[in-house]
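Peer 1: generate a structure from the sequence data that follows.
(one chain, ligands or ions: 2)
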Amino acid sequence: MEDPLKDDLASARNGEAEAALSASEARYRRLFETAQDGILILDGDSGLITDVNPFLVNLLDYPREDFIGRTLWDIGPFRHIEASKAAFQELQDKEYIRYENLPLEAKSGRRVNVEFVSNVYGVDRKRVIQCNIRDITARKHAEQVDERLRQSQKMEAVGQLAGGIAHDFNNLLGVIMGYCDLLEGQIAPEDSKRRMVEHIHHAGTRAAALTQQLLAFSRRQVLRPLVLDLNRLVTGMETMLRRLIGERIEIATSLLPDLGRVKADPTQIEQTLMNLAVNARDAMPGGGTITIETANVELDDSHAREHAEVKPGSYVMLAMSDTGVGMDSETLTHVFEPFFTTKQLGKGTGLGLSTVYGIVKQSGGYIYAYSEPGRGTTFKVYLPCVEGEAEVVKGEATLPILRRTGDGPVG
Ligand SMILES: Nc1ncnc2c1ncn2[C@@H]1O[C@H](COP(=O)(O)OP(=O)(O)O)[C@@H](O)[C@H]1O
Ligand SMILES: [Mg+2]
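Peer 2: Residues are numbered from 1 along each chain as shown. Ligands and ions are numbered 1, 2, ... in the order given. Coordinates of the predicted model:
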C-alpha cells in the first residue's frame, strides 16, 4: 500500500532540491552575465560555441548571434588567428591552453589585446570548453609606451657617447690629414713613398666620412635650414633616386598638393631620402616598388600618448614604403642604432638609419618604422609645419651623385 504522506514528503523534497538547483543556476548565470571578463562556452567535441557572455559581446562588438553555433575560427575576431584550429586540437589533447597576449580585432576594427585561457571539463557526461578572455589592451598599451620611452632614452645615451667619440676623433683626424697633405707636397710624384701616403690619405677620408655620420646621428651637424616645400624637393630628386636604385625598382609618388612648409636643411633631407631609398633597394633584390608619400598630419594628444616624446601640433609627413623583405620586431627595435646592420660584412655600415634619425631629430621631427617580415617596410618622417614661403632650392638634387665609391653613398 502506498503511503500518500511519504509521497508528498518525497515530492516536497524534490521541489526543494529543484528550487535549490535553480537558485544555484541563477547565481552562476548572474556571474556569467555580469563577469568583467569575456566567457565563451564551447561544445567540447564539435567546438561549436553554445554561449557567450555580454562582456565579450560588448568587447568585440559582434552580436550574440554571430557567436552561437559557430566555431572560434569562423567568427571575425578569431579568424586571423592562424593557429585557431591547431589550438583547438591542442586543447582537446591537453585540456588546457593559455595565450598571454592574443591580438584581436573588434567589429569596428579597434584592436583589442586579450589574455586567453581555455579549459575542458565534463558536465553531465558531456565535454564542455570554457574560454576566459581578459581585456589587457590598456596594460599592453602602457607597456608599449614604457618600451618606447626606454628606447628613446637609450638612443639619447648612445647619441651622446657616439657624438663625444666622433668629436674627439674628428679633431685627431684633422691632425692626421693635415700632415698627410704636407707630406704629399714634399714627396715627388715618382717616389714610391708617395703611394703609401696616398693610402693614408684615402683611409683618412673614409674615416672622416664615418665620423661625419656619427656626428649626424648625435645631432652635432652644422645645419643650414631653409623653409622647404618637400614636394618640390622630392620631385627634384626623382631622377637621381631612379639612378640610385636601378631599373628593377619603380618609384611611385603620392604628393599632397597643399602640403605645408617645413624648416630643414635641404641637403640633409635629401640625404635622408637617399639613405631610405638605398635600404629599400637592398630589401628588394628581385625588384619592387618604392612609394613616396607626403601629407599634412595633426599629431594630437592621442598620438603623444603613444609616443611619449611627441609635441602635439601640425606636421608634414614624408613616408617612404617598399615592397621588400620587411623586418621582424627584434630588428625593428634596433634599426636606428649606429652600427646596427643585418647586412654582410662590407655591405652595410649600419650608419644609414642612425644618420637619418639624427637629421630628423635635429630638425625637430620624429621618425617611425613599420614593418613585418615579408610585408615590406614603411618609414614615416614627421617634420613640424612652419609658416612662410618656400625658399628656392636648386631644381636638381643638391647632393653630388655617388661621389664616394666603395660602400655607396650611405651606410
Ligand atoms: N627598407 C628596409 N627593409 C628591410 N630592412 C631594412 C630596411 N631599412 C633598414 N633595414 C634594416 O635596418 C638595418 C640598418 O639599416 P642602416 O642603418 O641603413 O644600415 P645598413 O644599410 O648599412 O645595414 C639594415 O641592415 C636592415 O636590416
Ligand atoms: Mg643603409
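
Peer 1: how about residue 104, what does it touch?
Peer 2: Counting by CB atoms under 8 Å, 6 or more residues apart in numbering, residue 104 touches 60, 77-78, 81, 111-114. Yep, even glycine has a C-beta here, placed from its N, CA and C like the rest.

Peer 1: domain boundaries for this protein, per the record?
Peer 2: As given by automatic domain parsing, the domain ranges for the chain are 13-135, 142-217, 226-386.

Peer 1: report whether the longest one contacts ligand 2.
Peer 2: Looking back up the chat, that one is domain 226-386. Yes. Applying CB under 5 Å from the ion, one finds domain 226-386 touching ligand 2 at 279, 352.

Peer 1: quick one: that domain near ligand 1?
Peer 2: Yes. Domain 226-386 lies within reach of ligand 1 by CB under 6 Å from any ligand atom, at 275, 279-280, 283, 322, 324-327, 331, 335, 340-343, 348-354, 377.

Peer 1: taking the stretch 101-250 of the chain, what residue is nearest to ligand 2?
Peer 2: The stretch 101-250 of the chain approaches ligand 2 most closely through residue 213 (10.5 Å), counting by CB to the ion.

Peer 1: which residues of the stretch 1-150 of the chain fall in strands?
Peer 2: 38-43, 49-52, 96-105, 111-123, 126-135 (DSSP state E, counting those that start in this stretch).

Peer 1: dump these into CSV; add distance to ligand 2 and mean pLDDT as well.
Peer 2: Formatted as CSV, the strands of the stretch 1-150 of the chain follow (distance: least, CB to the ion, whole Å; pLDDT from 0 to 100):
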stretch, distance to ligand 2, mean pLDDT
strand 38-43, 45, 94
strand 49-52, 49, 95
strand 96-105, 30, 86
strand 111-123, 31, 89
strand 126-135, 40, 92
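
Peer 1: I'd like to know which of these is closest to residue 206.
Peer 2: strand 96-105 (45.3 Å; CB to CB).

Peer 1: pairing partners for the closest one, with directions?
Peer 2: strand 111-123 (antiparallel) (DSSP bridges).

Peer 1: show me what the longest helix belonging to the chain is packed against.
Peer 2: Longest helix in the chain, counting residues (DSSP state H): helix 137-186. Other elements packing on helix 137-186 under the criterion 3 or more CB pairs under 8 Å, 6 or more residues apart in numbering; DSSP states H and E are strand 111-123, helix 193-217, helix 301-306, helix 352-362.

Peer 1: now the angle from it to strand 96-105?
Peer 2: Relative orientation of helix 137-186 versus strand 96-105 (axes from the mean of the first three to the mean of the last three CA atoms, to 10 degrees): 70 degrees.
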